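S.K.: pasting the sequence and the predicted model now:
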2 protein chains.
Amino acid sequence: MLLLHRAVVLRLKQACRLKSIPSRICIQACSINDSFQPQRPSLTFSGDNSSTQGWRVMGTLLGLGAVLAYQDHRCRAAQESTHIYTKEEVSSHTSPETGIWVTLGSEVFDVTEFVDLHPGGPSKLMLAAGGPLEPFWALYAVHNQSHVRELLAQYKIGELNPEDKVAPTVETSDPYADDPVRHPALKVNSQRPFNAEPPPELLTENYITPNPIFFTRNHLPVPNLDPDTYRLHVVGAPGGQSLSLSLDDLHNFPKYEITVTLQCAGNRRSEMTQVKEVKGLEWRTGAISTARWAGARLCDVLAQAGHQLCETEAHVCFEGLDSDPTGTAYGASIPLARAMDPEAEVLLAYEMNGQPLPRDHGFPVRVVVPGVVGARHVKWLGRVSVQPEESYSHWQRRDYKGFSPSVDWDTVDFDSAPSIQELPVQSAITEPRDGETVESGEVTIKGYAWSGGGRAVIRVDVSLDGGLTWQVAKLDGEEQRPRKAWAWRLWQLKAPVPAGQKELNIVCKAVDDGYNVQPDTVAPIWNLRGVLSNAWHRVHVYVSP
Amino acid sequence: MLLLHRAVVLRLKQACRLKSIPSRICIQACSINDSFQPQRPSLTFSGDNSSTQGWRVMGTLLGLGAVLAYQDHRCRAAQESTHIYTKEEVSSHTSPETGIWVTLGSEVFDVTEFVDLHPGGPSKLMLAAGGPLEPFWALYAVHNQSHVRELLAQYKIGELNPEDKVAPTVETSDPYADDPVRHPALKVNSQRPFNAEPPPELLTENYITPNPIFFTRNHLPVPNLDPDTYRLHVVGAPGGQSLSLSLDDLHNFPKYEITVTLQCAGNRRSEMTQVKEVKGLEWRTGAISTARWAGARLCDVLAQAGHQLCETEAHVCFEGLDSDPTGTAYGASIPLARAMDPEAEVLLAYEMNGQPLPRDHGFPVRVVVPGVVGARHVKWLGRVSVQPEESYSHWQRRDYKGFSPSVDWDTVDFDSAPSIQELPVQSAITEPRDGETVESGEVTIKGYAWSGGGRAVIRVDVSLDGGLTWQVAKLDGEEQRPRKAWAWRLWQLKAPVPAGQKELNIVCKAVDDGYNVQPDTVAPIWNLRGVLSNAWHRVHVYVSP
């Protein structure tokens, strides 16, 4: 069906090429309409320069796309009488068969025939199918240009029903009722608590993940904290003094900003489930994201409370201000040695990509422990203490641990395994997607790679034949500092598709600077909680004839 | 053939059991002969208490073995006239077919029928077949007991030819002529330069590897250095002063002693060769050993020369006093950050297991870099300097690096890969051996596991069915300190042999505390130098019916 649709669009493209000169003139004529404004300015993302530049190029391409596609729609737009549609009607148009509709402000557009011409790729426009464009345009500022709006205008088919704004029914008994509004691109694995990941085609679109689509791993309802009354309690060392720090107090510590990739221990769990059932959320490849985090160093705050490194092993325990109905808060701990090491750069972060932390990511303060599993980056941080033992939290002692494939729920002894801190080397393919059809000639493969403990990714090998032969991918993204490689590398490989090949078994595997590698297969690392899923990532694609 | 021999011995054992009481009396009668003394006291190994204790138990068992086997040999020994044998004759008796002969002092023994009764296992006695017992008895002090000597006396068949001591012909043009004498148990991979590994059955016999069988990786002839005139040159920092340290000077720094496992990057290379030819020595599983190293901390010595950590990346370059005919010395470097970190515990070691370093291991001083590939532990250390770049040594820049399996000698770009420092997680099976026949009922599997960078081994999984199902092995050896797990863990698993099974495909794989795992197979990590061979270790054994 998709192939059929592609064929139609290709014919349309060919038709447009013949008419490109008159189309350009039409765009000039229509460029006075400048009224489209995103309606959720809070979602605006200030991307870094490099990604903006990339989008400028795309913007140019988009202009060309506009030229190509415009002609066939111009007249239709003019003829359109003002139809009124409900949100429900719009949301039922999400496929080539039903038509693909989107909204911007109160206007409704049928972009079915534009999808394959979308310069950012059809899959990215499809993320908005059946709903508003604003959250996506907020991510990619390049859309806020007059020629983009002109192009869209040609696809207008009507207006949203003005009486369609239904006041949300708030169930006061629902502890999740006050959770924030989320970005529609997120693939939701659980609504309560909210757990969601960005789709692969957005995940590696930017080296820095935009805040609205940063993967979200909540264990409990999101607390709604007042920044003015917020206090962080730091238990003092014997002989030191306990601290009760306001946000302003935290801002008075020296501010550090570092780029850190966070990954959930359950990232890629869905691949383990295919081997044998596990307990846990069905994360695909998106439980990983990268941001620039800014805040005070934990070591500075601990020092002010009189703490110092001691000979015996100790742990810094964190408690969140999120809690379950019994009042039990989320908690976790890291070794004191890591917390006190300035080189480990553990932060009490109050900024994410230059903004105050979003509520889903721990507003107003979270811990960021570079190189360590996401579960220790406690959000909505309320309390810090130094203890001779690890946190007694469920999530420290009865979860986030790895076991042998032979261990099941009848035999598991959680005390027998150490809590996960540093994570092993990881990589995944984000493009193409499993089951996709790629063009013959050349295929572009993209993905991410990361390792725990500050170990840099030094190489990504990619195979088109299931692992028999390998090619070395090009590493993109920031070069990492030695021993402080806290952030991922994006990578890509452009490879010729072997002639006559009808299918490709694409595989990737990464190597870190400790020369650790990923295991070949999932089954031998299967574990009952489905964590640490870092086998070679595999996608199977078809080659178009 | 081996099975036939076993059958004969079993019948002998049965015969002896019936005669055990008179045998005991005979041993008492003979115990006045106390003349056996190892002739190479320099090889004496002072093992730790725990291993001595183990051998005491074995000694008792040996006593029982003596009782069982004694009776049939008593008369033969008495009847023996003094036959004279040459060393060549002795060395040709190394199998059940030819007879298995050994010597102690000037006496020759035929131990063919005792081999299967050896309490330490037949394979260990077979290591001495055709040669002197002294080097082995020096390793295992339990042998120096009167009842062991009495037992041996019963197998005496004659004396060594006193004129057999041929003066070695020293070729003065041979740069290796002055290399030290080595232990005969070592499996030699290269004589010049000398490279050898202990056999698997000795490798994990002790947590601490006895000096004489510690694996030896030399790149050049062994220098013969005078400890009285030895000087270590440490280039001073700008504004600091250069040092010329005698051995006494080094002893004046605070002394640190730590247990560290060294592993050659080429350990288990022979498994890579089976995939495709590589350049390098054919190490099996024995290019790894563990010792207690004592010496001055490198950070203390560098501080005395005025060095401190700097913001920019720098490297500590080491030069050995071994050199090739052009005068080029062995060299390597490590990052200054590691060298200056007291927690990294980098040593300038002058003791190995309580003894001065043996010549093969760097006498009088070598570097010990815990958690890092053996190649950086420069032996016969002559010079230390701090440089903005890594060592320009061949072994730093044109060797000891990992590459993709797709890279061959035509395409390799050594500058494209980082030099190996920390090594990935590793494990291997030392018992049973590949191709061996094991008893049905229960099988005991033993081996070692280790990881680089101070990461502790937290689990070893063992499979009897090629990796389909797994059991967790018991970890032996010293518990490791957090972040300073510099030494291996020995492990074992006693597992029932599934009924009716004729063969077992035994596999092991280890997990470290960064939850790094070993890759399943060798081919995808194959590289042209055959380094970093850490795939699952596999042995195939037969089950006796």
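M.R.: Received it, and whenever you're ready, just let me know what you need.

S.K.: does the closest residue to chain B within the stretch 251-400 of chain A belong to a helix, a strand or coil?
M.R.: Nearest to chain B, among the residues of the stretch 251-400 of chain A, is A:Glu313, at 5.8 Å (C-beta to the nearest C-beta). No exception for glycine: its C-beta is placed from N, CA and C like everyone else's. Following DSSP: H, G, I helix; E, B strand; the rest coil, we place A:Glu313 in the coil state.

S.K.: isn't it right next to B:Lys484, touching?
M.R.: No: using C-beta atoms under 8 Å as the test, A:Glu313 is too far from B:Lys484 to be in contact (11.0 Å).

S.K.: those two - which one has more neighbours?
M.R.: When A:Glu313 and B:Lys484 are compared for neighbours, B:Lys484 comes out ahead with 17 against 14, by other C-beta atoms under 10 Å in any protein chain shown.

S.K.: give the contact list for that one.
M.R.: Applying C-beta atoms under 8 Å, 6 or more residues apart in numbering or on different chains to B:Lys484 gives the contacts B:Glu343, B:Glu345, B:Pro370, B:Gly454.

S.K.: in a strand, A:Glu271, correct?
M.R.: No: assessed with three-state DSSP, A:Glu271 is helix; it does not lie in a strand.

S.K.: pLDDT at it, what is it?
M.R.: Here, the pLDDT recorded for A:Glu271 equals 98.

S.K.: so it makes contact with A:Val522?
M.R.: Yes: A:Glu271 is within contact range of A:Val522, at 5.3 Å (criterion: C-beta under 8 Å).

S.K.: most distant residue from the centre of chain A?
M.R.: Distance from the C-alpha centroid of chain A, by C-alpha atoms, centre = their mean, peaks at A:Gly239 (43.7 Å).

S.K.: for the contacts of B:Lys484, give me TSV that also has distance to chain A.
M.R.: What follows is the contacts of B:Lys484, written out as TSV (distance: C-beta to the nearest C-beta, whole Å):
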residue	distance to chain A
B:Glu343	8
B:Glu345	14
B:Pro370	14
B:Gly454	10
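
S.K.: between the residues you listed, which is nearest A:His540?
M.R.: B:Gly454 (39.5 Å; C-beta to C-beta).

S.K.: to which secondary structure element is the closest one assigned?
M.R.: B:Gly454 is part of no helix or strand when elements are defined by DSSP states H and E.

S.K.: swap in A:Glu89?
M.R.: helix A:87-91.

S.K.: helix or strand right after that helix?
M.R.: Next along the chain after helix A:87-91, with elements defined by DSSP H and E, is strand A:94-95.

S.K.: tell me the strands beside that next one, with direction?
M.R.: Using DSSP bridges, the strands paired with strand A:94-95 in its sheet are strand A:99-104 (antiparallel).

S.K.: buried ones in the partner strand?
M.R.: Judged by neighbour count using 16 or more other C-beta atoms under 10 Å in any protein chain shown, the buried positions of strand A:99-104 are A:Ile100, A:Trp101, A:Val102, A:Thr103, A:Leu104.

S.K.: mind putting those residues in TSV, distance to B:Val507 included?
M.R.: As requested, those are exported to TSV (distance: C-beta to C-beta, whole Å):
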residue	distance to B:Val507
A:Ile100	51
A:Trp101	55
A:Val102	54
A:Thr103	57
A:Leu104	58
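
S.K.: which parts of the helix holding A:Glu89 are buried?
M.R.: Neighbour-count burial for helix A:87-91 [16+ other C-beta under 10 Å]: A:Lys87, A:Glu89, A:Val90.

S.K.: please apply the same query to stretch A:284-304.
M.R.: A:284-299, A:301-302, A:304.

S.K.: among these, which ones are in helices?
M.R.: A:Leu298, A:Cys299, A:Val301, A:Leu302, A:Gln304 (DSSP state H).

S.K.: for the first one, list the residues it contacts.
M.R.: When you say that, I think you mean A:Leu298. A:Val316, A:Ala339, A:Val346, A:Leu347, A:Leu348, A:Val367, A:Val384.

S.K.: please pick the buried ones from the residues you listed.
M.R.: The neighbour-count test (16+ other C-beta under 10 Å) marks A:Val316, A:Ala339, A:Val346, A:Leu347, A:Leu348, A:Val367, A:Val384 as buried among these.

S.K.: of the residues you listed, list those near chain B.
M.R.: Among these, not one lies near chain B by C-beta under 8 Å from any C-beta of the partner chain.

S.K.: relative to B:Glu134, which of the residues you listed is nearest.
M.R.: Out of the buried ones among the contacts of A:Leu298, the member with the shortest distance to B:Glu134 (by C-beta to C-beta) is A:Ala339, at 54.6 Å.

S.K.: over to that closest one. Which of the three states is it?
M.R.: helix.

S.K.: which stretches of the stretch 201-350 of chain A form helices?
M.R.: A:247-252, A:269-273, A:298-304, A:336-340 (DSSP state H, counting those that start in this stretch).

S.K.: turn those into JSON lines, including distance to A:Lys187.
M.R.: Formatted as JSON lines, these follow (distance: least, C-beta to C-beta, whole Å):
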{"stretch": "helix A:247-252", "distance to A:Lys187": "32"}
{"stretch": "helix A:269-273", "distance to A:Lys187": "11"}
{"stretch": "helix A:298-304", "distance to A:Lys187": "32"}
{"stretch": "helix A:336-340", "distance to A:Lys187": "32"}
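
S.K.: who's in contact with the residue of the stretch 251-400 of chain A closest to chain B?
M.R.: Listed by C-beta under 8 Å, 6+ apart, the contact set of A:Glu313 reads A:Pro335, A:Leu336, A:Ala337, A:Pro388, B:Pro482.
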